[in-house]
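1. Compute the structure for the input listed below.
(chains A and B, ligands or ions: 4)
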Amino acid sequence: MSDIPATPSAPNQHTADGAVAIGQPLPTAAGTEDGGLDQAMPTGGDTPAGRSAWRLALQSFLDNKLGIAGLVLVIAIVLFCFVGPLVYHTNQISPNAAQINLPPSTRHPLGTDYVGFDVLGRLMAGGQSSIEIGLAVAVVATLFGVLWGAISGYLGGVVDSVLMRIVDIILAIPSIFLFIYLATVFKPTVGLLIVVVSALSWVGPARLVRGEALSLRVREYVQAVRVMGGHSTRIVLRHIVPNTVGTIVVNATFQVADAILILATLSFLGFGLPPPAATWGGMLSEGTNYLYDGYWWAVYPAGIIIALTVIAFNFIGDALRDALEVRLQRR
Amino acid sequence: MAPVLEITDLRTEIRLRTSTVHAVDGVSLTVQAGETVGLVGESGCGKTTIGLSAIRLLPPGGHITGGSIKINGTEIVGLPDARMRQIRGGDVGMIFQDPMTSLNPTMPIGEQIAETVRVHKRVSHRAAVDRAVEVLDLVGMPRPRERLGDFPHQLSGGLRQRVMIAMALACEPSVLIADEPTTAVDVTIQAQILGLLDRLKSELSTAMLLISHDMGVIAGRADRVAVMYAGRVVEQAETVEFFDHIRHPYAEALLASIPQPGQDSQRALYSIPGNPPDLSNPPAACRFAPRCRYATDRCRTEDPRLEQDAAAHGYACFHPVPADDVRPEAAGLRLAAQARLRETRRTDADDLILDARNLVKEYPITAGLLQRTIGSVKAVSDVSFGIRRGETFGLVGESGCGKTTIGRLLVGLERLTGGQIVFNGADISALATRSRPAHGGGPDDPAQAGSRRRQISRLRRDLQLMFQDPYSSLDPRMRVGTILREPLVIQGIGSRREQDQRVAAMLTEVGLQPAAADRYPHEFSGGQRQRIGLARALMLDPKFLIADEPVSALDVSIRSQILNLMRDLQDRHNLTYLIISHDLAVVRYMADRIGVVYLGKLVESGPADTVYSTPAHPYTAALISAIPSPDPHSERGRNRTQVRGELPSAVNPPSGCRFRTRCAIAEEICAEVEPPVHSFGVDHYASCHFPLQRPVPPAGTDGALVRTQQDPIADRPPASGRLVPDTTGDAVAGQ
Ligand SMILES: Nc1ncnc2c1ncn2[C@@H]1O[C@H](COP(=O)(O)OP(=O)(O)O)[C@@H](O)[C@H]1O
Ligand code: SF4
Ligand code: SF4
Ligand SMILES: [Mg+2]
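-> Numbering: from 1, shown residues only, chains lettered A, B, ... in the order given. Ligands and ions are numbered 1, 2, ... in the order given. From the prediction side, this is the model:
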């Protein structure tokens, strides 16, 4: 496979004597903090005692109060939605005409809705689908958008023009009309919702990553790979994408929040999961029909939890951005 | 007379998340009106922090924790911000190293200067603009009134630096702090800017604090010198006294690590081992002790104080360098003379490892929606040279003259517009046109493309590139081990185990510990990173290494380490080097032969010592005279043949001789006829109508360098050989 020896002929016979020590041996590491090292300091100086870059980023994240608040909130919401139903059992399958629009009470802490479902239980159930779809959209849209943007930015030229015009076209589609149209043609399912929302969301990360790739591709380390004979695939996957990871992670966090908002909008426009499946957006849109009747519990709980979730993810995203920024600034 | 700037026992800290950097730790300095005080030291020793403290613009987390700074008698430590704003710009001006980051990119320069004036003086907008024109004129900006509307990015580096100076001077400050004002510009521009600062200082009798890491800059311009190390002043004296009787071992070593004109290039450079101490936890002993060759136990336990001797020469050292035998560069030479003698390399003039023939590179300039080509940047215009196996060839020239493009053409990062590159007997110029992604999408036959790619891969192994910037040349997200392994992985060499072994061996070879493989690049210093970059370039055991500005981003003390290392590796691995640099001193020290590039043309080439001592081309002579030397005697008496103006645009290069717009001895013919190549002895060529020495008819063998059998123009007389095209215009060779 190769005709170059994998180890240099006689690498250890003499270490690089770059610095000339005159008359005296080189100063040794003795006397520095690691004192007691009896091995001579290499001419290039000591290897720093490493502190992992990620640990520094984590440290910085943990120092960010809003970020922590966001994280705690997200964990609380996830527990609420996924563990809550195991503790707090409610009927979310069959409507109960006898229990329509009851105000909050000890039996129904947040009252019941227009078909008699317990609102608290329904928040939990609705949260599950909202969070699942939100996360799925963030993952799909980010993966797709990142690759699209990285390829576009790295290759540049004609490829870039074509790929970015496609992005422009997608951005030019008025999404509200698209949703209304889709609602009349298809019956929404979880899978379809993920596809539709992702199809509209990936352009964000694509543009961001393209911008970064444009500046990364002229970095010397990317050129170094070309001098070694590396392919574009390697450059994009091993160098460009990892170096946009900060941007990507931060953006993905915002994507979750955005997807949850879009889902709510979709439900509002009638393109939500059909009953009896529960979604926060669906609850909100149905609740607004009864707002004038004074049934506030049909609207506020769903509205507040959507807002809280979105804010929480945004806090996390902001804190991540700062943390990863600090990482690059050193220390 | 009271000093204009008086700093007493200044302590400045920078508080970070996990530690506190004691950037300035008890520094006292004074600057009188009309005086220039030079502040030298390695980067990170606190020079900039002193400057920023004096204008109270410290970075986030920065605090002055003790001492006093008086400007014109006013104590500014603790002064209210409103009052400080008046003093800043009004009484003290600062010139920063990088004008691009300190000028507002969205504002025309005229507005920026006028605004500064209006902050400090109650004058009309009109009067402020007039003042802007006046100071721009003062700093030598050509046609200042027309330039008022220009944005910073429209100006060249040298002009931007002039704008910065104009801005600092707009309100006639009594103190000017110039922080590395010429580090980012070429030697020719450096000489102009330093001359300008000198002139302004004496005309306006400003007090100037000139910060630089370059002893040469200081020697020629400063009245007094202060040397800093690790947050402290370690030596301070009047300039001539300082250079004549250097006392502190650090100052001595710093001086010795600069390649000097009298340097014997057969000897290794002196270099200071190790790195400066961590200022967040400075040792309670002599801070230089771990790197000092005179250090004793006392130095490692006690902290020397700055004390003055009879000649008002202050130094903080228990065992100062004896004051007797010293003459200007003697200190450097004395250390250098003790340095190890190297083997002499023998090269064969006929054995060319690389032959670059009539290289041409033009970048099209496109405009409009349809991306029509409206012109081209003539980055490289018909450059030819041959490099012998085992030698070091140096390319010098100002930034923007096309040096880097030549390097990139050779390794195939750019596509040739014309010409031919023969490497190791094979024509790789066809391969150098590996489709760049930006122009991708050619309908290549996949099988053919595949085999061509394999061929490229194979050839590329032997031709590697070392990059300039130790910060951007290593992927920040990869561990050093992965970075070094990558070339092997790409070329499919060895098993994982063998690769790891080779990484460890290579790290040892470049003077790092094998443990470095587990660290990320950002944990290393600039010099260490450059070692890693060198290791990466050598992973594939290349025969030829192109080093593009290998040390210009490094400190002087680290520079000599890397240069020595490069020479050691060259001897050990039988490498051929092409060293590209704007620093003629570095190139002369490293190279056997030198080529001087001006605006896309090779104007002179020849043996390093010959070119350096007896240049034939006026441009080479000007470059050499612009190099500041760390010897106040020669610097002061020097009659500088300054190059006027700046490098012209490569879009419309001057007709005839491209240097004619800046040449002191240009005549009419220079504008009309492209100068022919003359020979000035063995291997020494230059193209000029009025060379600085009399051409000699070429000897029988000297054509060997420039001619090979396949050479299409071999039949022409050698005197009109390979340096110029056979047409006088800028016709593009080849298609
Ligand atoms: N913004 C900053 N954040 C953290 N450390 C800094 C900052 N600026 C300077 N330092 C530290 O302060 C010390 C002195 O730096 P500086 O004054 O820039 O030195 P010099 O100008 O001599 O290169 C160094 O250890 C440097 O790392
Ligand atoms: S005090 Fe000692 S260690 Fe410090 S510079 Fe002087 S001789 Fe060197
Ligand atoms: S040819 Fe003329 S302009 Fe060019 S360097 Fe020689 S003398 Fe100067
Ligand atoms: Mg500095």
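2. got the residue ranges for the strands in the stretch 401-550 of chain B?
-> B:418-423, B:426-427, B:463-466, B:544-548 (DSSP state E, counting those that start in this stretch).
3. Of these, give the one that comes closest to chain A.
-> Among the strands of the stretch 401-550 of chain B, strand B:463-466 comes nearest to chain A, with 4.8 Å by CB to the nearest CB. Every C-beta, even on glycine, is put in place using the N, C-alpha and C of the backbone.
4. pull the CA atoms of that closest one into PDB?
-> Only the C-alpha atoms of strand B:463-466 are listed here, as PDB (Å, rounded to 0.1, in the frame of the first residue of the first chain):
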ATOM      1  CA  LEU B 463       6.200  18.600  -2.400                       C
ATOM      2  CA  GLN B 464       4.800  19.900   0.800                       C
ATOM      3  CA  LEU B 465       3.900  23.400   2.100                       C
ATOM      4  CA  MET B 466       4.400  24.900   5.500                       C
END
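5. so what does that strand touch, helix or strand wise?
-> Applying 3 or more CB pairs under 8 Å, 6 or more residues apart in numbering or on different chains; DSSP states H and E, one finds that strand B:463-466 contacts helix A:220-228, helix B:403-411, helix B:526-538, strand B:544-548.
6. so which of these comes closest to B:D350?
-> In terms of CB to CB, the element of these nearest to B:D350 is strand B:544-548, at 17.3 Å.
7. how near is A:M228 to ligand 1?
-> 32 Å (CB to the nearest ligand atom, to the nearest Å).
8. Check what pLDDT B:A222 gets.
-> For B:A222, the pLDDT comes out at 92.
9. re earlier: CSV please, covering the helices and strands packed on strand B:463-466 and showing mean pLDDT and mean neighbour count.
-> Below are the helices and strands packed on strand B:463-466 laid out as CSV (pLDDT from 0 to 100; neighbours: other CB atoms under 10 Å in any protein chain shown):
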stretch, mean pLDDT, mean neighbour count
helix A:220-228, 85, 22
helix B:403-411, 90, 24
helix B:526-538, 90, 26
strand B:544-548, 93, 24
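10. Looking at the strands of the stretch 401-550 of chain B, which one is packed in the most?
-> The highest average neighbour count among those, using mean count of other CB atoms under 10 Å in any protein chain shown, belongs to strand B:463-466 at a mean of 26.
11. Walk me through which strands that strand pairs with, and which way each runs.
-> strand B:544-548 (parallel) (DSSP bridges).
12. on that earlier part again, distance to ligand 3 for the strands of the stretch 401-550 of chain B - can I get that in a markdown table?
-> Converted to a markdown table, the strands of the stretch 401-550 of chain B look like this (distance: least, CB to the nearest ligand atom, whole Å):
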| stretch | distance to ligand 3 |
| --- | --- |
| strand B:418-423 | 23 |
| strand B:426-427 | 33 |
| strand B:463-466 | 31 |
| strand B:544-548 | 26 |
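13. so which of the ones you listed comes closest to B:L169?
-> Of those, nearest to B:L169 by CB to CB is strand B:544-548, at 35.8 Å.
14. Heading C-terminal from the closest one, find the next helix or strand.
-> Once the chain leaves strand B:544-548, the next helix or strand it forms, by DSSP states H and E, is helix B:556-573.
15. In CSV, list the C-alpha atoms belonging to that next one.
-> Only the C-alpha atoms of helix B:556-573 are listed here, as CSV (Å, rounded to 0.1, in the frame of the first residue of the first chain):
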residue,chain,number,x,y,z
VAL,B,556,12.3,37.1,17.5
SER,B,557,13.4,34.7,20.2
ILE,B,558,11.2,32.0,18.9
ARG,B,559,12.1,32.7,15.3
SER,B,560,15.6,31.6,15.7
GLN,B,561,14.5,28.3,17.3
ILE,B,562,12.3,27.6,14.3
LEU,B,563,15.0,28.6,11.8
ASN,B,564,17.5,26.4,13.5
LEU,B,565,15.1,23.5,13.6
MET,B,566,14.3,23.9,9.9
ARG,B,567,18.0,23.7,9.1
ASP,B,568,18.5,20.7,11.3
LEU,B,569,15.7,18.9,9.6
GLN,B,570,17.0,19.8,6.3
ASP,B,571,20.3,18.3,7.0
ARG,B,572,18.8,15.2,8.5
HIS,B,573,16.2,14.5,5.8
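16. Count the neighbours of the residue in the stretch 1-150 of chain B that ligand 3 sits nearest to for me.
-> Per CB to the nearest ligand atom, the residue of the stretch 1-150 of chain B with the smallest distance to ligand 3 is B:P142, at 19.8 Å. Number of residues near B:P142 (other CB atoms under 10 Å in any protein chain shown) recorded here: 12.
17. can you check the one 4 residues further on too?
-> Around B:E146 sit 10 other residues, with neighbours defined as other CB under 10 Å.
18. what sits up against the helix or strand where it lies?
-> Using DSSP H and E, B:E146 maps to helix B:144-147. With contacts defined as CB atoms under 8 Å, 6 or more residues apart in numbering or on different chains, helix B:144-147 is touched by B:109-110, B:132-133, B:136-137, B:141, B:155.
19. Tell me how far it lies from the chain's centre.
-> 30 Å (CA atoms, centre = their mean, to the nearest Å).
20. Next SSE downstream of it?
-> That would be, after helix B:144-147 and using DSSP H and E, helix B:157-169.
21. what is the mean pLDDT for stretch B:551-566?
-> Averaged over stretch B:551-566, pLDDT sits at 85.
22. Buried residues in that stretch, which are they?
-> For stretch B:551-566, a neighbour-count test (16 or more other CB atoms under 10 Å in any protein chain shown) marks B:551-566 as buried.
23. quick revisit: can you say which of the strands of the stretch 401-550 of chain B is nearest to A:V245?
-> Closest to A:V245 of those is strand B:463-466 (CB to CB; 26.8 Å).
24. Do I have it right that A:L102 meets A:H108?
-> Yes. A:L102 is within contact range of A:H108, at 5.7 Å (criterion: CB atoms under 8 Å).
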